[in-house]
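Asks: For reference, the sequence and a predicted model appear below.
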Amino acid sequence: MLQVLAHRTYRRMFFAQVVALVGTGLTTVALALLAYDLAAGNAGIVLGTALAIKMVAYVGIAPVIGAYASRLPRRVLLVVLDLLRASVVCLLPFVTEVWQIYVLIFILNAASAGFTPIFQATIPDILEDEAQYTRALSLSRLAYDLENLLSPMLAGALLMSMSFDTLFLFNGLAFLVSAGLVISVVLPSPQILEEAPSVWHRVSYGMIIFWRTPRLRGLLALNMVVSAAGSMQIVNTVVYVRSVLGLGEQAVTMAFAAVGGSSMLVALLLPGIMDRFRERPFMLAGGVLMTLSLFLGLLAPGFAGLLGLWFLLGAGASLVMTPAGRLLKQSCQPEDRPALFATQFSLSHGCWLIAYPLAGWFGAQVGLLETFALLGTLALVATGLAFRVWPSQDPIILMHDHKFVEHTHLHFHDEHHQHAHEGWEGDEPHCHLHHHLEGRHCHAFMIDSHHLSWPR
């Protein structure tokens, strides 16, 4: 897996991601301490509201930025967003009112909602080889899991010798280092994209591709499974370990480590296996594992049993999320990747926006066993839906029919544009009235301007 780091551009982009993740992890700890400093007993309400604001920013901002990302220079856009994030976190130590936290958290996560999908959509253009890209996805998953494990430990070590406000400044420095790494490489230019007819079309185009592609509808259902299982683990682990089992903080850390450890193990093993197999069986198996882990929670497990459940949950989440980038890459044209990755970012966080309140409110008001049952049922329905909408036979290359069509748009001469010219049309890509004859052929199929619906 580490061989992919031999690619200079990807190596620097990967370390930019890692540095930014570590900084963000420090801010997560510092924000909790800042909320307690300002609100004391109401710190949980402040953090819960900040988390909801974060998800709203992710869901609302990502599709808008993704729609325009193909028209902007990627490196400049990524650097500007990193600098904006650095500026915002450096303002957090000076916050004196709760409402100021909410404003800054929205701006910070609006910038992240633009940065992350654009970053993700750039990697397949850097690593065009499928095997290398698969390894990069696993490496990225490992980076997220390691951040979840190590950032709290690093924050704890730093807090032994400095105040929590300093953690925000370290995060600002991390974003500046990330910006420096991004600006040090030359990124592939965005694909030239035909000017869409309206702002709404730009914003909704990724949604259209998502909804009309069967494998992506399956991914959407599995996003819901990941959020149902993940919200139970993230929101209620500390409650179950401390209140139900009566154990201390170290046990809470071990429970979180079980999830991260199993996720890392799957991310390490998956690339070699997926060189030979398609994504569907692994991702659906991940949905089954997460659903099973939630229903096993109804047995009211002890601490060892809880570690086993969370190990299954982490493995299942990694089975779903690690190959998701490959699925997106296979399902769109290169120029549509920013819009599609932004849509996945938005929809997946929309699922979390549903699941987080369910896990928190139901767990507090009704009970943890009942919450296991509710979220397990939600995961079961979503997994069953994924099995139904994602066909077991899902070839990349499909035979399909084309109707006669005459239109004007910016185009290259590819398999869909082989026509005569009169000499005035200019260099490719160019725009002129042209027609497509009725016919039948096969190639790697994806929803785009020439393929508006999935062949039956």
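Replies: Happy to help now that I have it. Residues are numbered from 1 along each chain as shown.

Asks: quick one: the helices in the stretch 251-400 of the chain?
Replies: For the stretch 251-400 of the chain, helices defined by DSSP state H, counting those that start in this stretch occupy the ranges 280-296, 303-321, 324-330, 337-357, 363-365, 368-389.

Asks: which one of the ones you listed lies closest to L77?
Replies: helix 337-357 (9.7 Å; Cβ to Cβ). For every residue, glycine as well, the C-beta is placed using N, CA and C.

Asks: Who are the packing partners of that closest one?
Replies: Here helix 337-357 touches helix 43-68, helix 98-126, helix 199-212, helix 214-239, helix 324-330, going by 3 or more Cβ pairs under 8 Å, 6 or more residues apart in numbering; DSSP states H and E.

Asks: where's the closest residue to M274 other than its chain neighbours, which helix or strand?
Replies: Spatial nearest neighbour of M274, chain neighbours left out: T134 (5.5 Å); criterion: Cβ to Cβ, 6 or more residues apart in numbering. Counting by DSSP states H and E, the element that carries T134 is helix 130-159.

Asks: Could you check how far the residue nearest to M274 is from L270?
Replies: As defined by Cβ to Cβ, to the nearest Å, T134 lies at a distance of 8 Å from L270.

Asks: Settle it for me: which of the two has more neighbours?
Replies: Comparing T134 with L270 by other Cβ atoms under 10 Å, the one with more neighbours is T134, at 25 against 22.

Asks: any idea how far the more buried one is from C351?
Replies: Between T134 and C351 the distance is 24 Å, computed by Cβ to Cβ.

Asks: do the same with L368
Replies: Distance, L368 to C351, using Cβ to Cβ: 21 Å.

Asks: These two: which has the busier surroundings?
Replies: More crowded of L368 and C351, by other Cβ under 10 Å: C351, with 24 against 19.

Asks: Would you agree that one is in contact with N223?
Replies: Yes: here C351 lies in contact with N223, judged by Cβ atoms under 8 Å, at a distance of 4.7 Å.

Asks: what sits against the most centrally placed residue in the chain?
Replies: With distances taken as Cα atoms, centre = their mean, the residue of the chain nearest its centroid is F345 (4.6 Å). Neighbouring residues of F345 by Cβ atoms under 8 Å, 6 or more residues apart in numbering: 58, 62, 66, 113, 116-117, 120.

Asks: What pLDDT does the model give it?
Replies: pLDDT for F345: 77.

Asks: Next one: it from N223, what distance?
Replies: According to Cβ to Cβ, F345 and N223 sit 10 Å apart.

Asks: burial count for F94?
Replies: A total of 10 residues lie near F94 under the criterion other Cβ under 10 Å.

Asks: residue contacts, it?
Replies: F94 makes no contacts at all, as judged by Cβ under 8 Å, 6+ apart.

Asks: Distance check, the spatially closest residue to V4 that is not a sequence neighbour against L181.
Replies: Counting by Cβ to Cβ, 6+ apart, R135 is the residue found nearest to V4 once chain neighbours are left out, at 4.6 Å. For R135, the distance to L181 (Cβ to Cβ) stands at 20 Å.

Asks: that older thread, immediately after the helix holding T134, which helix or strand?
Replies: Proceeding N to C from helix 130-159, the next assigned helix or strand is helix 165-183, under DSSP H and E.

Asks: between that following helix and helix 98-126, how many degrees?
Replies: Interaxial angle, helix 165-183 versus helix 98-126 (axes from the mean of the first three to the mean of the last three Cα atoms, to 10 degrees): 30 degrees.

Asks: any idea how far the residue nearest to L169 when sequence neighbours are not counted is from A110?
Replies: Excluding the flanking residues, the one nearest L169 by Cβ to Cβ, 6+ apart is C90, at 6.2 Å. C90 sits at a distance of 17 Å from A110 (criterion: Cβ to Cβ).
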